[in-house]
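Engineer: kindly return the folded structure for what I paste below:
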Amino acid sequence: METHNRLINLGLNIKAERVRKRLSQEQLAELIDTSRNSISMIETARMHSTVLKIVDIARSLNIDINDLLKGV
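Structural biologist: Numbering: from 1, shown residues only. Down below sits the predicted model:
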């Protein structure tokens, strides 16, 4: 259960930052060369993401990876 809560927090952090940057899931997906569905599944904790994918997301959102990992 704790792992799932961590994934939920990560997904919420990613979504909050994406929305703050006014990017759609599709736009973020294009920036990191993945599908919109993958972004949706990461944001809703239905898919585990690799560390490299999280790094790509942080770079695409122009934020420190630690900001995405707060509460995780």
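Engineer: count of neighbours near the residue nearest to residue 48 when sequence neighbours are not counted?
Structural biologist: In space, and not counting its chain neighbours, residue 48 is closest to residue 7: 6.9 Å by C-beta to C-beta, 6 or more residues apart in numbering. Every C-beta, even on glycine, is put in place using the N, C-alpha and C of the backbone. The tally of other residues near residue 7 (other C-beta atoms under 10 Å) stands at 19.
Engineer: in this structure, which residue is closest to the centre?
Structural biologist: residue 14 (3.7 Å; C-alpha atoms, centre = their mean).
Engineer: so the residue nearest to residue 48 touches residue 43, yeah?
Structural biologist: No - in this structure, residue 7 is not within contact of residue 43 by C-beta atoms under 8 Å, at 9.9 Å.
Engineer: which residues of this protein fall in helices?
Structural biologist: 2-20, 25-31, 36-43, 51-60, 65-68 (DSSP state H).
Engineer: ranking those helices by burial, who's on top?
Structural biologist: For those, the largest average neighbour count (mean count of other C-beta atoms under 10 Å) is found in helix 36-43, namely a mean of 18.
Engineer: wait, residue 6 touches residue 72, no?
Structural biologist: Yes - counting by C-beta under 8 Å, residue 6 touches residue 72, with 4.8 Å between them.
Engineer: residues contacting residue 9?
Structural biologist: Contacts for residue 9 (C-beta atoms under 8 Å, 6 or more residues apart in numbering) come out as 70-72.
Engineer: what subset of those residues is buried?
Structural biologist: Neighbour counting with 16 or more other C-beta atoms under 10 Å marks none of the contacts of residue 9 as buried.
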